[in-house]
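**Student:** Have a look; sequence and predicted model below, questions after that.
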Amino acid sequence: MVRVAEEALGRTPLYEEHEKAGARLVPFAGWEMPVQYEGVKAEHEAVRNHAGLFDVSHMGEVVFRGPDAEKAVQRLVTRDVGRLETGQAGYAAVCYESGGTVDDVLVYKNPDDFLVVVNAANREKDVAHFQEHTDGLDVEIADESDDWALLALQGPKAEGILQGFTGTDLSGLKYYRYVVGEVDGLYAVISRTGYTGEDGFELYVRPDGAAPLWRLLVEAGAAPVGLGARDTLRLEAGMCLYGNELDPETTPLEAGIAFAVHLDKEERFLGQEALRREREEGLRKKLVGFKVEGRGIARHEHPVAVDGETVGTVTSGTQSPTLGEAIGLALVLPEVEDSFDVVIRDRPVKARTAQLPFYKRQKK
């Protein structure tokens, strides 16, 4: 019997840097990615207190060009991208007609086109979805993911570190705004965005510029950070992860990202009617944050119960390095109130809802 070889994992342009730094590399969304270097807790604290550097080059970049580019993006995403100014980014969901979630994305409005940044695991699915639902529009949809590397420099010292290598005045760059400029002579899209709850930047550079830029920022004091701490940081910040809080069976309203859903926008988007109905008739489930009061750490897919009856499922959970408490997110029935049990290894453990985000940085 012939065994079919598993498809080779992708490697980002920073793979050799991770190897040299002694990273523990694991398969993630079809890529060989660093899960940690020094350790999740130390890396998490570096981002909260100083600055951390992430390789997120596995993310996908899809560009919409042509006379109907804006119309196409409007049809596909929940945010009204007509409200975006050139040089501004917006967080949005992509939905099926049912209201279920295809992906959560960032939309960048360029002078002549739109860049939609998609999750790595969804790249092929998203591009197929985009093409399927833009029939009749004069638009070119190009997957340009292989033309870019993406580094995220995050933390309170991120601006100070980056400012030493760019002529762009970063102090004037607002949250969710971006500029095209240079970092140490390398062409870069400098975006004040992130997935950690801290101030910081995402830097889109050409693949051959990724390793020199990585080494430069590490030498300037940024700590390399892996996917492990990326997850604990985003969870403390109450941010959704596709495949956990969001999936085809969960709408953006249920996942608590209604701020990214503009039901009133004139250009109809896929899933709009289903989401309008859901808003009028009520949610089938809702996302809540919680803290575990008993012993144990809640994990993805642990059941949530009230009086022995299952009322939902944990979507994400961890021991919070910042709070020193076990925290989590769960999708539960709308009638669930402020306390419930999380079933950890067949044992019900008390938990109480907590306001999101768990952690909010002090603004300057």
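**Tutor:** Yes, it's here. Numbering: from 1, shown residues only.
**Student:** Going by C-alpha atoms from here, please, whenever you check contacts or count neighbours.
**Tutor:** Will do.
**Student:** What average pLDDT does stretch 115-126 get?
**Tutor:** Stretch 115-126 shows a mean pLDDT of 98.
**Student:** And for the strand ranked longest in the chain, what's in contact with it?
**Tutor:** Looking across the chain with DSSP state E, the single longest strand is strand 309-319. With CA atoms under 8 Å, 6 or more residues apart in numbering as the contact definition, strand 309-319 has outside contacts at 232, 235, 244-245, 297-305, 325-333, 336, 342.
**Student:** what is the mean pLDDT for stretch 263-282?
**Tutor:** Per-residue scores along stretch 263-282 average to 97.
**Student:** Now that stretch: buried residues?
**Tutor:** Leu263, Lys265, Glu267, Arg268, Phe269, Leu270, Gly271, Gln272, Ala274, Leu275, Glu278 (16 or more other CA atoms under 10 Å).
**Student:** Need the max-distance pair from these.
**Tutor:** For the buried residues of stretch 263-282, the farthest-apart pair by CA to CA is Glu267 and Glu278; their separation is 19.2 Å.
**Student:** Dig out what the closest residue to Pro303 other than its chain neighbours forms beta bridges with.
**Tutor:** Nearest non-adjacent residue to Pro303, counting by CA to CA, 6 or more residues apart in numbering: Thr313, 4.6 Å away. Beta-bridge partners for Thr313, by DSSP bridges, are Pro303, Leu331.
**Student:** Thr313: neighbour count?
**Tutor:** Using other CA atoms under 10 Å, Thr313 has 21 neighbouring residues.
**Student:** From Leu329, how far out is it?
**Tutor:** 9 Å (CA to CA, to the nearest Å).
**Student:** circling back to that earlier point, mind listing what's buried in the longest strand of the chain?
**Tutor:** Thr310, Val311, Gly312, Thr313, Val314, Thr315, Ser316, Gly317, Thr318, Gln319.
**Student:** One more: stretch 53-65?
**Tutor:** Of the residues in stretch 53-65, those buried (16+ other CA under 10 Å) are 53-65.
**Student:** and if you look at stretch 151-167?
**Tutor:** Here stretch 151-167 shows 151-159, 161-162, 165-166 as buried, counting by 16+ other CA under 10 Å.
**Student:** Which one of the buried residues of strand 309-319 is nearest to Asp346?
**Tutor:** For those, the nearest to Asp346 is Thr310 (12.3 Å; CA to CA).
**Student:** Helices along the stretch 101-250 of the chain, start to end?
**Tutor:** Applying DSSP state H, counting those that start in this stretch to the stretch 101-250 of the chain gives helices spanning 123-132, 158-163, 207-219, 227-236.
**Student:** what's the burial count for the closest residue to Gly209 other than its chain neighbours?
**Tutor:** Spatial nearest neighbour of Gly209, chain neighbours left out: Leu186 (6.5 Å); criterion: CA to CA, 6+ apart. Neighbour count for Leu186, taken as other CA under 10 Å: 17.
**Student:** Any stretches of the protein with poor pLDDT?
**Tutor:** 1-7, 364 (pLDDT under 70).
**Student:** re the thing from before, tell me the most buried of the helices of the stretch 101-250 of the chain?
**Tutor:** helix 227-236 (a mean of 22; mean count of other CA atoms under 10 Å).
**Student:** That helix - contacts with which helices or strands?
**Tutor:** Judged by 3 or more CA pairs under 8 Å, 6 or more residues apart in numbering; DSSP states H and E, helix 227-236 is in contact with strand 31-36, helix 40-49, strand 309-319, strand 326-332.
**Student:** if we compare the ones you listed, which one ends up closest to Thr251?
**Tutor:** Minimum separation from Thr251 across those (CA to CA) falls at strand 326-332, 11.2 Å.
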